[in-house]
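Visitor: Please find the sequence and the predicted model below.
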Amino acid sequence: MQMARSIWVFIFTAFIILSVGNIGLHSPAYAQETAIEQPTGGSVPGGTTDGAASDSELWRMIRQGGQGNVVGGDPNSGLMIQSQGEDWRKLRNEELPRYSAWAILGILLLLSLFFAIRGRIKIEHGKSGKTITRFAMIERASHWLLASSFIILALTGLNLIFGKSLLLPIIGAGAFSSLTIFGKFVHNYVGFAFMVALVMVAVLWIKHNLPSRHDIVWFLKGGGMIGLGHPPAKKFNAGQKIIFWVVILCGVSISMSGWALLNPFTTTMMADTAALANSIFGTSFATDLAPIHEQQLQTTWHSIMAVFMIVVIIAHIYIGSVGMEGALDAMTTGEVDENWATEHHSLWVEEVKSGGGKSTSKTAQPAE
Ligand code: HEM
């Protein structure tokens, strides 16, 4: 009797425990979590129990993360192995610095060669002594806000690519660490000044940078830089229009990837871009990116855009300063010599003189 009672109590207790356990496991909240987190319904997938099979499903779960092991919380915490992380690290530490250095040294070399061969582009007819208003105060202020913020971003950003190998050995670990941490904060905040300036420049100059038939002639004549005379141009010539659009389009792209880096794991821009490309071009880019992979692609894209812009802007700075006599005045005083203006922007001068150049209607006046 005693024995029968003991068996009955054991069976009853086991029944209660299993039932309660099952209710817990199948409560709506748990079911919802497992539906999301466990693609295999909670069981260990495939033939792994005898240890003889290599189970692709299991390895996929280990590589893609979050599956079956982690409920809620940081989606990255279920990611045990992320193969693309190794590729990213290699790209970040080896290819990116190498190709960036080539690109920047390459443009410096090209410009030096150009300068050695062509010299400074002079005002062909000399200074006239009369000036014409080229940029209003608001245009110059927007340009210099854009320029100064970009240069700060470029220097603090380049420190992240090259600082460890170039600066650290010279200034030592302590100074390099303080400088880099300071630079990182500066980079984060100055990014917003860059975005504001980008919008200002876009609004002020977009109408002068729409393509026109004169651009084709300008290209055919080599922009007047390689000794084939001065092709006619309005306020901005075709070369400047390219600079403008590179700055605006790459500037927007770099700002968006910067935003994604400032707010990690909150955006899916790379996955969305891949999906868009797939639907437009029929490509087959992966769209189910793990959050960490999304971030890695963002840093890579941000760096590529940055280095590309730096290369283009180095060429721009060259031509706007040492490369061409009379150009810098446009962005300092806002006044340019009439002969300079007629040589480089003849159609714009005609417009201004006939009263059509609204923003730059100040007519010629004696200089000095
Ligand atoms: C020290 C650096 C810089 C100098 C000396 C400089 C100089 C100039 C000059 C002289 C112009 C007017 C050219 C003209 O009258 O036709 C100009 C225009 C312009 N600048 Fe800069 N600039 C600098 C940096 C930058 C930076 C960093 C950016 C953008 C990130 C930029 C974007 C532009 C744009 C979009 C234009 C109008 C299109 C063009 O003229 O190419 N500049 N700059």
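Guide: Arrived safely.
Visitor: Settle this for me: residue 238 is touching residue 219, isn't it.
Guide: Yes - taking CB atoms under 8 Å as the definition, residue 238 is a contact partner of residue 219 at 5.6 Å. For glycine as for every other residue, the C-beta is placed from the backbone atoms N, C-alpha and C.
Visitor: In terms of neighbours, single out the busier of those two.
Guide: Ranked by neighbour count (other CB atoms under 10 Å), residue 238 and residue 219 place residue 238 first, with 20 against 14.
Visitor: Report the contact partners of that one.
Guide: 214, 215, 216, 218, 219, 223 (CB atoms under 8 Å, 6 or more residues apart in numbering).
Visitor: Grab the nearest non-local neighbour of it.
Guide: Closest residue in space to residue 238, ignoring its immediate chain neighbours: residue 215 at 3.7 Å, by CB to CB, 6 or more residues apart in numbering.
Visitor: Can you tell me what sits against the helix or strand where the one you found lies?
Guide: Assigned by DSSP states H and E, residue 215 belongs to helix 213-220. Helix 213-220 is contacted from outside by 224, 231, 232, 233, 234, 237, 238, 239, 241, 347, using CB under 8 Å, 6+ apart.
Visitor: Among those, name the ones in helices.
Guide: Within those, residues falling in helices by DSSP state H are 238, 239, 241, 347.
Visitor: And residue 289, how far from the ligand?
Guide: 30 Å (CB to the nearest ligand atom, to the nearest Å).
Visitor: could you list every residue that touches that residue?
Guide: Each residue near residue 289 by CB under 8 Å, 6+ apart is listed here: 268, 270, 271, 274, 297.
Visitor: ok, and the most crowded of those?
Guide: Busiest of the contacts of residue 289 [other CB under 10 Å] is residue 270, holding 22 neighbours.
Visitor: Give the closest residue to that one in space, chain neighbours not counted.
Guide: For residue 270, the spatially nearest residue (CB to CB, 6+ apart) is residue 297, at 4.3 Å.
Visitor: which non-adjacent residue is nearest the spatially most central residue of the chain?
Guide: Centroid-nearest residue in the chain: residue 254, 2.4 Å away (criterion: CA atoms, centre = their mean). In this structure, residue 254 finds its nearest non-sequential neighbour in residue 305, 4.4 Å apart by CB to CB, 6+ apart.
Visitor: so residue 127 makes contact with residue 329?
Guide: No - using CB under 8 Å, residue 127 makes no contact with residue 329, being 10.3 Å away.
Visitor: Now the common contact residues for the two.
Guide: What both residue 127 and residue 329 touch, as defined by CB under 8 Å, 6+ apart, is the set 337, 340.
Visitor: Just give the number of residues close to residue 277.
Guide: Residue 277 is flanked by 14 other residues according to other CB under 10 Å.
Visitor: correct me, but it touches residue 285?
Guide: Yes - between residue 277 and residue 285 there is a contact at 5.8 Å, judged by CB under 8 Å.
Visitor: quick one on the thing from earlier: filter the contacts of residue 238 down to the buried ones, PyMOL style.
Guide: Of the contacts of residue 238, the buried ones can be selected in PyMOL as follows, counting by 16 or more other CB atoms under 10 Å:
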select buried, resi 214+215+218+223
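Visitor: wait, which of the contacts of residue 238 is closest to the ligand?
Guide: Using CB to the nearest ligand atom, residue 223 comes nearest to the ligand of the contacts of residue 238, at 11.6 Å.
Visitor: in stretch 185-196, what's buried?
Guide: 187, 190, 191, 193, 194, 195.
Visitor: wait, doesn't the third one sit right on residue 255?
Guide: Yes - between residue 191 and residue 255 there is a contact under CB under 8 Å: 7.0 Å.
Visitor: I'd assumed residue 131 was in a strand, is it?
Guide: Yes - under DSSP: H, G, I helix; E, B strand; the rest coil, residue 131 sits within a strand.
Visitor: For the residue nearest to it when sequence neighbours are not counted, grab the count of nearby residues.
Guide: Spatial nearest neighbour of residue 131, excluding adjacent residues (CB to CB, 6+ apart): residue 335 at 4.0 Å. By the criterion of other CB under 10 Å, residue 335 has 20 neighbours.
Visitor: Against the ligand, how distant is residue 335?
Guide: 11 Å.
Visitor: cool, residue 56 as well?
Guide: Taking CB to the nearest ligand atom as the measure, residue 56 falls 48 Å from the ligand.
Visitor: Burial check on that residue, number of neighbours?
Guide: Neighbourhood size, residue 56 [other CB under 10 Å]: 10.
Visitor: Go ahead and confirm residue 237 touches residue 225.
Guide: No - counting by CB under 8 Å, residue 237 does not reach residue 225; the two are 10.2 Å apart.
Visitor: Between those two, tell me which one has more neighbours.
Guide: residue 237 (23 against 15).
Visitor: Nice, that's everything, thank you.
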